[in-house]
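J.: sequence plus the predicted model coming up.
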Amino acid sequence: MPAGASLLVVGPGEVTPSDRVTIPSGSAFVGTAKSFLELDGEGVIKKGKVSAFEMDATAVTNQRFRAFVDAAGYVTEAERIGDSFV
């Protein structure tokens, strides 16, 4: 398996390499000039530090998300509380 790849369960007993990329640590501006919902914690724009993290190189397909939900028993926020927003 190539460096930076991980295994992703895509179906019963089926595992596929998933290319990942590392997002380096650094500074970023976080927040918003106008908060639409105070509970989301966005608040005013400020500079913050972000630790390095990894993420898939491509968007997750509905098929892969369904496989994850089925394999892990994951329950979405929309299913738990009846609403969700991005």
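T.: Nice, I can see it. Numbers count the residues shown, from 1 in each chain.
J.: the residue nearest the centre of the chain: what secondary structure?
T.: The residue lying closest to the centre of the chain (Cα atoms, centre = their mean) is residue 55, at 7.4 Å. What DSSP: H, G, I helix; E, B strand; the rest coil gives for residue 55 is strand.
J.: ok, it - contacts?
T.: 20-21, 23 (Cβ atoms under 8 Å, 6 or more residues apart in numbering). (C-beta placed from N, C-alpha, C; glycine too.)
J.: do the same with residue 49
T.: So residue 49 contacts 25-27 (Cβ under 8 Å, 6+ apart).
J.: can you check residue 47 too?
T.: Contacts of residue 47 (Cβ under 8 Å, 6+ apart): 27-30.
J.: filter the residues you listed down to just the ones in strands.
T.: 27-30 (DSSP state E).
J.: most neighbours among the residues you listed, which one is it?
T.: residue 30 (15 neighbours; other Cβ atoms under 10 Å).
J.: what pairs with it across the strands?
T.: residue 46 (DSSP bridges).
J.: just to revisit the earlier point, dump the ones in strands among the contacts of residue 47 into JSON lines; add distance to residue 60 as well.
T.: Shown next, in JSON lines, are these (distance: Cβ to Cβ, whole Å):
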{"residue": "27", "distance to residue 60": "27"}
{"residue": "28", "distance to residue 60": "23"}
{"residue": "29", "distance to residue 60": "26"}
{"residue": "30", "distance to residue 60": "23"}
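J.: among those residues, which one has the lowest pLDDT?
T.: The lowest pLDDT within the ones in strands among the contacts of residue 47 belongs to residue 30, with 81.
J.: pLDDT wise, what is the closest residue to residue 33 other than its chain neighbours at?
T.: Nearest-residue entry for residue 33: residue 45, 6.2 Å, with adjacent residues in sequence omitted and distances by Cβ to Cβ, 6 or more residues apart in numbering. On pLDDT, residue 45 comes in at 87.
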